[in-house]
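# Model the structure of this input:
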Amino acid sequence: MENEAHEKLISVIICSYRKFQFIYEAIASVLNQSYGKIELLISDDGSDPFPEKKIRTYIDKHRKDNLVNVLIHHEETNQGTVRHLNHAIRLVHGDYIGILAADDAYFDKFVLERFAAGFDHAKKDCYVQMAQTAMCDYTLKRIDGYALFPDVQEAVEQEDSRLFELVAYSACLPTTSFFYKKEFFEQYGEFDEEFYLVEDYPMHCRIVREGWKLHYENFAAARHRSGGISHGNVEGLSKSAYFYHLDMLKIRDKCVKPYLKQLRRKAMEDVKDKAWTEEKWIKSQLHLYENNKKLRRQYLWEYKWSLLKDFAVASVYRWDVFASCLWKTALVLAVMIPPVREIGIVAAACAGCYKVIWSLFAAGAVSWLFGRIGRGIAKIESYPWDLMDY
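Below you'll find the model as predicted:
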């Protein structure tokens, strides 16, 4: 792909908060771009200390002529991802805007060039573009998969109204590969500051619900490093994990539940079930950060109950398959015995077994019922990983 002179300015925002060991890899992926007119903003959300001098030195040493402007912004206090991003967007001047986390990186040197060309192919009233995100290991070297699943990609490409069903079900659009026209934020507004950490999922819900056009370009735009909150790293007691959980609960209440009537009936039932399971699991975790004894007692009562309950659930759950076979076999035998008795074949034996078989059927049916209850409880206690993973 040849380097060309481009008229439109592309602004790339690299957002950081502590953990600066990866930021130079992110910066390098921007400085290496072939696009002809780039503005780079390094925006930090109140880290202490913030190595501004070291970052400036690195950029000055490796910059090329296509980097026409460098901005470095440091919040005095931590604002949270959403408010921080809104501040950063107000500072840039580009016709197109890309947002990159400090621990991620662009896939190759042609990413910005492909995005610029993608907007040329898109419809005039399209202000948002997306591509694939490579889900990588901790080193960004190994690719474990790609974030945009085929059914989601198809819905985006075909502008299918059912895309909202997919987004309402889970956060299935990879933010790392989103690219915006400046006009998008002028017309859409800023990210919703009712949320603290999660800026992307509420925006995605609103975009697809209101019918904003999404243009898809089929290339890998970014490498997403494993280990972040959105990658499932939510088991700790960190402040970030706590606020992430709170945001996810709030997103369901504000961005999904009020609009369930827009979904088809089956999709509505699936989303309701998923939201209920997610809510139960998240609430069971909040006491770990809050050290709240009342919440802990509620957690133990609603989700753990006691060691006896745990043992009973595990035992009954294992009965599920066996009980299903038991009552079905008993039913078949119970139906077959009367005609066998009529023709006089082993009548005495059948007469004695008949009551036993019906007893087995009743016991099997009860065991099957308890097995289903055990299956439901076990489902509540399992963590719904696919609700939060991209």
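
# which parts of the host helix or strand of Ala116 are buried?
Ala116 is part of helix 111-121, with elements assigned from DSSP states H and E. Across helix 111-121, burial judged by 16 or more other CB atoms under 10 Å covers 111-119. (C-beta placed from N, C-alpha, C; glycine too.)

# Kindly report the same for stretch 210-219.
Buried-residue list, stretch 210-219, by 16+ other CB under 10 Å: 212, 214-217.

# and of the residues you listed, the nearest to Thr175?
Leu214 (12.5 Å; CB to CB).

# just checking, that closest one touches Val128?
Yes: counting by CB atoms under 8 Å, Val128 is a contact partner of Leu214 at 5.5 Å.

# who touches both of the two?
Ile207 (CB atoms under 8 Å, 6 or more residues apart in numbering).

# related to what we said a few turns ago, just the buried residues of stretch 210-219: which are in helices?
With DSSP state H as the criterion, helices contain none of these.

# what's the weakest-modelled helix or strand in this structure?
The weakest-scoring helix or strand in the chain, judged by mean pLDDT, DSSP states H and E, is helix 307-342 (a mean of 59).

# how about low-confidence regions in the stretch 101-250 of the chain?
Along the stretch 101-250 of the chain, the parts satisfying pLDDT under 70 run over 228-237.

# Longest strand in this structure, by number of residues?
Looking across the chain with DSSP state E, the single longest strand is strand 214-225.

# that older thread, take the buried residues of stretch 210-219 and lay them out in JSON lines including distance to Arg265.
Shown next, in JSON lines, are the buried residues of stretch 210-219 (distance: CB to CB, whole Å):
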{"residue": "Trp212", "distance to Arg265": "25"}
{"residue": "Leu214", "distance to Arg265": "25"}
{"residue": "His215", "distance to Arg265": "31"}
{"residue": "Tyr216", "distance to Arg265": "28"}
{"residue": "Glu217", "distance to Arg265": "34"}
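
# quick check, nearest of the residues you listed to Lys54?
Set against Lys54, the nearest of these by CB to CB is Glu217 (34.5 Å).

# Please list all residues in contact with Leu112.
Listed by CB under 8 Å, 6+ apart, the contact set of Leu112 reads 10, 12, 33-35, 38, 98, 106.

# and the two most separated of the residues you listed?
The most widely separated members of the contacts of Leu112, counting by CB to CB, are Ser34 and Gly98 (14.4 Å).

# Neighbour count: the two, which is higher?
Using other CB atoms under 10 Å as the criterion, Ser34 and Gly98 rank with Gly98 on top: 25 against 19.

# hang on, isn't that one packed against Cys15?
No: if you go by CB under 8 Å, Gly98 and Cys15 don't touch, sitting 11.2 Å apart.

# residues touching Val271, list them.
165, 168-169, 256, 260, 263.

# Which ChimeraX command selects the buried ones in the residues you listed?
Applying 16+ other CB under 10 Å to those, the buried members can be selected in ChimeraX as follows:
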select :165,168,169,256,263
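
# Which members of the contacts of Val271 are positioned in helices?
Mapping the contacts of Val271 onto helices (DSSP H) picks out 165, 168-169.

# Specify which member of those residues is nearest to Leu148.
Tyr169 (14.8 Å).

# ok, that closest one touching Asp270?
Yes: the pair Tyr169 / Asp270 is scored as a contact, 6.3 Å apart, by CB under 8 Å.

# Mind listing what's buried along stretch 133-144?
133-136, 140.

# nearest to Glu186, of those?
Once CB to CB is applied, the member of the buried residues of stretch 133-144 that ends up nearest Glu186 is Thr133, at 25.9 Å.

# so is that closest one in a helix, a strand, or just coil?
strand (DSSP: H, G, I helix; E, B strand; the rest coil).

# Who does it form a beta bridge with?
In this entry, Thr133 is beta-bridged to Ala222, by DSSP bridges.
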